[in-house]
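[1] 3D model of this:
(one chain, ligands or ions: 1)
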Amino acid sequence: MKKKLNVGLIGYGFMGRTHSNAYSQVNHFFDVPYEPVLQVVCGLEENVAKDFAEQWGYKSYTTDWHKVIEDDNIDQVDICVPNNMHAEIAIAAAKAGKNIICEKPLALNAAQAETMVDAIEKAGVPNLVSFNYRRVPAVTLAKMLIDEGRLGKIFHYRANFLQDWTISANVPQGGMATWRLDVKAAGSGVTGDLLAHCIDTAMWHNGQIDSVCAMTETFVKKRMHVETGKVEDVGIDDACTFICRFGNESLGNFESTRYARGHKSLYTFEINGEKASIAWDLHDLHRLSYFDHSDESIVRGWRSVHVTDGDMPYMDKWWVPGLQIGYEHTFVHQIADFLENLAEGKPASPSFREALATQYVCDAVLASAKDKEWKTVKKA
Ligand code: SOE
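    Next comes the predicted model:
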């Protein structure tokens, strides 16, 4: 008999849907000891919250997030609202003793993230930040291969996250659909939104980033603000490139932009070690490219590993070998791992503290671009 876990979701946008889908799917595929019960969804507009509740099977809806926190019946608060609301909600949820899952990036900046980590650790509540790409089976497989020592000493870590949806100057800033362009709501542009994913995965694979040197650009400097109706300065970074040094002496090279015409959401990484290299591409997410220098030279070359066999991460839970899964499954894996850890009393990863480490890198990147100098990254 599974234990019921009552979930309150705050935020009914794109991320609210990915998390709701994960709660709905997890018990069908993973034998976890909890059964998430979709109790309440909260969002600003009552009719949207009502429709969302009906569509996803939430028992009730509200427009006031305080009600979710104050409800003794709720075990777990899931935060899927814009970044500027994460801190207040997470801190209140921690004080109320709830489990917390929070969308990335953790906060607007590291100072704010520190207050969240303080509150969460003081309350001792289970917590997780939703850096979902770690849980693409091929990305998890990369971590396994690195940890097994198959790459040997790592020399290079390269990652890109390329999009093209803000090239038009007519795209507004602020509001429900375009809050990611409003610095007050998002904290930063591609650095917090996209590079944070690359940084989280990179530090998971390759350890701490010690120092960074960055440049950023805002190509469209003024945009109409949906809330004020006025044309206002744009405060976010549209593009960001940085180089860095990892604690293990390897060199990092990262780029993200929303101005790479033709690329909708192309996250790629390549890792070069002494013995082998690995490459991965979100548009072909079920494959891992692998080059092993110990192969006999006459057949040596890049292999494209189709990550679908049952002995590959997570894949024994899905279909049969050869049949692949996709983006939404990363959120199912995230919830499954969270519930498994919860049952065993183990911390989930990435925790708020690990997300603070990512936030320190993001802050150092933005400061480096502003001051045009190398910055040392604070340790979480
Ligand atoms: C932005 O367009 C975005 O939706 C990010 O916010 C997500 O984190 C990323 O996974 C896809 O792109």
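[2] Please name the nearest non-neighbouring residue to the closest residue to the ligand within the stretch 251-380 of the chain.
    Nearest residue of the stretch 251-380 of the chain to the ligand: residue 265, at 5.1 Å (C-beta to the nearest ligand atom). Bear in mind the C-beta positions are built from the backbone N, C-alpha and C, glycine included. Spatial nearest neighbour of residue 265, chain neighbours left out: residue 163 (5.6 Å); criterion: C-beta to C-beta, 6 or more residues apart in numbering.
[3] how far away is the residue of the stretch 251-380 of the chain closest to the ligand from residue 81?
    The gap separating residue 265 from residue 81 is 21 Å, by C-beta to C-beta, to the nearest Å.
[4] Likewise for residue 19?
    Distance of residue 19 to residue 81, given as C-beta to C-beta: 12 Å.
[5] just residue 106 next, same as before
    Per C-beta to C-beta, residue 106 is found 13 Å from residue 81.
[6] Equivalent analysis for residue 328, please.
    Where residue 81 is concerned, residue 328 sits at a distance of 20 Å (C-beta to C-beta).
[7] more crowded one of the two?
    Counted by other C-beta atoms under 10 Å, residue 328 and residue 81 do not tie: residue 81 has more neighbours, with 24 against 13.
[8] Name the residues of stretch 86-105 that come out as buried.
    86-94, 96, 98-105 (16 or more other C-beta atoms under 10 Å).
[9] again, but for stretch 142-161
    142, 143, 145, 146, 151, 154, 157, 158, 159, 160, 161.
[10] In helices only, show me those.
    The helices, defined by DSSP state H, take in 142, 143, 145, 146 from the buried residues of stretch 142-161.
[11] possible to save those residues as JSON lines with pLDDT?
    Shown next, in JSON lines, are those (pLDDT from 0 to 100):
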{"residue": "142", "pLDDT": "99"}
{"residue": "143", "pLDDT": "98"}
{"residue": "145", "pLDDT": "98"}
{"residue": "146", "pLDDT": "98"}
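[12] Return the member of those residues nearest to the ligand.
    Closest to the ligand out of these is residue 142 (17.7 Å), distances taken as C-beta to the nearest ligand atom.
[13] and the residue lying closest to residue 236 once chain neighbours are set aside, backbone torsions?
    Distances taken as C-beta to C-beta, 6+ apart place residue 189 nearest to residue 236, at 3.2 Å, with adjacent residues excluded. Torsion angles at residue 189 (phi, psi; degrees, to the nearest 10) stand at phi -100, psi -120.
[14] Offset the numbering so it begins at 41, please.
    Will do, 41 is the new start, and the previous item becomes residue 229.
[15] Pretty sure residue 229 sits against residue 278.
    Yes: shown here, residue 229 and residue 278 form a contact pair, counting by C-beta atoms under 8 Å, at 5.7 Å.
[16] tell me, what's touching these two both at once?
    Shared contacts of residue 229 and residue 278 (C-beta atoms under 8 Å, 6 or more residues apart in numbering): 256, 258, 298.
[17] So which of those is the closest to residue 248?
    residue 256 (22.5 Å; C-beta to C-beta).
[18] Pull up the gap between the residue in the stretch 141-290 of the chain that the ligand sits nearest to and residue 75, please.
    Taking C-beta to the nearest ligand atom as the measure, the point where the stretch 141-290 of the chain comes nearest the ligand is residue 233, at 4.8 Å. The gap separating residue 233 from residue 75 is 33 Å, by C-beta to C-beta.
[19] who's more crowded, the two?
    Legend: neighbour count by other C-beta under 10 Å for residue 233 and residue 75, higher for residue 233 (23 against 15).
[20] taking the ones in helices among the buried residues of stretch 182-201 as a set, which two sit the farthest apart in space?
    Greatest spatial distance among these (C-beta to C-beta): 183 and 185, at 7.5 Å.
[21] and the residue positioned nearest the centre of the chain, what does it touch?
    When C-alpha atoms, centre = their mean is applied to the chain, the residue found nearest the centroid is residue 171 (2.3 Å). Contacts for residue 171 (C-beta under 8 Å, 6+ apart) come out as 144, 236, 237, 240, 241, 390, 395, 398.
[22] Go again with 7 Å.
    With contact set as C-beta atoms under 7 Å, 6 or more residues apart in numbering, residue 171 has these partners: 144, 237, 240, 390.
[23] With secondary structure as new columns, can these be given to me in a markdown table?
    What follows is the contacts of residue 171, written out as a markdown table (DSSP: H, G, I helix; E, B strand; the rest coil):
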| residue | secondary structure |
| --- | --- |
| 144 | coil |
| 237 | helix |
| 240 | helix |
| 390 | coil |
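[24] Kindly reformat the residues you listed as CSV and extend each row with pLDDT and distance to the ligand.
    As requested, those are exported to CSV (pLDDT from 0 to 100; distance: C-beta to the nearest ligand atom, whole Å):
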residue, pLDDT, distance to the ligand
144, 98, 6
237, 99, 6
240, 99, 11
390, 98, 14
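[25] Out of the helices and strands in the chain, which is least certain?
    helix 215-218 (a mean of 94; mean pLDDT, DSSP states H and E).
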